[in-house]
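S.K.: structure, please.
(one chain, ligands or ions: 4)
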Amino acid sequence: LSIGHRLRGAAGRGEMELFYQPQLHAGSRELIGFEALIRWNDPERGRVSPLSFIPVAEALGLMPELGRWIVGEACRQAKAWRDEGFDAFAISINVSMQELQSGGLVAQVADALDRNGLPPSALCIELTESSLMENVERVRGTLSELKALGTHIALDDFGTGYSSLAYLKHFPIDKLKIDQSFVKGLPGDVNDAAIARTIVAMAHQLEMLVSAEGVENDAQATFLTEIGCDELQGYHFGRPCRAGHARAWLSGTS
Ligand code: G
Ligand code: G
Ligand code: MN
Ligand code: NA
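M.R.: Ligands and ions are numbered 1, 2, ... in the order given. Take a look at the predicted model:
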């Protein structure tokens, strides 16, 4: 069967799984949340990366259904952890350009929060910088509705697009995530260092938080903390892992 055929209904058959990567407060190094990253356990091919199946799901129109599963599963997990007494964390979920444009996202999010009795602030929606550029009015409308609902909004892969300061302030964004490509060369690469400093300064001017992704060593973490980056995420702290393993992070036993 083609990937498209196998993808249809895969979530319903229990083949989809959310992995969780820890997000830390830079100053205290305390856990503040997780980014949910989807994995497909395809019976034929084994674990498949979202990079290869999300575009297929989009092309086949399967994304509304898969998106609903992602939001629902992230909220179900957040609720389960909160019921165990852990409530000082947020879960970030990635949404693609198509999901932002589709019109169904806000209702999906509102419904999942409601069904699980979760405060909207327990959820952060991550969108890429490039998806802000497409169909600007529509995206702005969707983000305003999410903001009104009370979820946080983060701009992922920041620095790889070309949004200007003037442009960004028109969107209700809470957090910029410095793209990993600028973290790689830190602290030695003078260009990466200048870019990281500039993003931190710009975000703070706009009263947004800054997170850095792809932090792989202590020198990067230290530099980013020194220049005022608010949050850190990367293999240095933890790889995306199964929910069971993520729970050990919450209880401080990891
Ligand atoms: O974990 P990584 O290989 O995990 O993810 C690869 C890419 O897939 C990243 O760009 C990430 O944002 C995207 N991605 C991961 N999970 C999801 C998801 O649940 N929904 C969407 N739309 N993209 C995702
Ligand atoms: O596009 P987005 O930022 O959502 O995707 C994050 C991607 O980066 C995922 O594929 C995730 O598995 C990966 N990732 C997370 N931390 C690190 C890291 O420290 N190093 C590298 N190389 N990749 C990372
Ligand atoms: Mn992301
Ligand atoms: Na990113």
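S.K.: so which residues on the stretch 101-250 of the chain come close to ligand 1?
M.R.: Contact residues (C-beta under 6 Å from any ligand atom) of the stretch 101-250 of the chain with ligand 1: residue 240. Every residue, glycine included, has its C-beta placed from N, CA and C.
S.K.: show me where the stretch 51-200 of the chain has helices.
M.R.: Using DSSP state H, counting those that start in this stretch, the helices assigned to the stretch 51-200 of the chain run over residues 63-83, 97-102, 105-116, 136-149, 165-168, 180-183, 190-205.
S.K.: report all helices and strands that the longest one contacts.
M.R.: Same thing as helix 63-83. Contacts defined by 3 or more C-beta pairs under 8 Å, 6 or more residues apart in numbering; DSSP states H and E place helix 63-83 against strand 16-25, strand 31-42, helix 50-59, strand 90-94, helix 97-102, helix 105-116, strand 123-128, helix 243-250.
S.K.: any residue of that helix touching ligand 1?
M.R.: Yes: for helix 63-83 and ligand 1, the contact criterion (C-beta under 6 Å from any ligand atom) is met by residue 70.
S.K.: in that helix, what's buried?
M.R.: Across helix 63-83, burial judged by 16 or more other C-beta atoms under 10 Å covers 63-64, 66-75, 77-79, 81-82.
S.K.: can you check stretch 235-251 too?
M.R.: 236, 237, 238, 240, 241, 243, 246, 247, 249, 250.
S.K.: what residues does this structure put near ligand 4?
M.R.: Contact residues, the chain versus ligand 4 (C-beta under 5 Å from the ion): 156, 157.
S.K.: what is the least confident helix or strand in the chain?
M.R.: Every helix and strand of the chain was ranked by mean pLDDT, DSSP states H and E. The lowest is helix 165-168, at a mean of 78.
S.K.: re the thing from before, out of the helices of the stretch 51-200 of the chain, the one nearest residue 230 is which?
M.R.: Closest approach to residue 230 among the helices of the stretch 51-200 of the chain is made by helix 190-205 (8.4 Å; C-beta to C-beta).
S.K.: show me what that closest one is packed against.
M.R.: Against helix 190-205 (3+ C-beta pairs under 8 Å, 6+ apart) you get strand 175-178, helix 180-183, strand 209-212, helix 218-226.
S.K.: and the second one, does that touch ligand 3?
M.R.: Okay, so that is helix 180-183. No: using C-beta under 5 Å from the ion, helix 180-183 stays clear of ligand 3, coming no nearer than 10.0 Å.
S.K.: right, I'll call it a day here.
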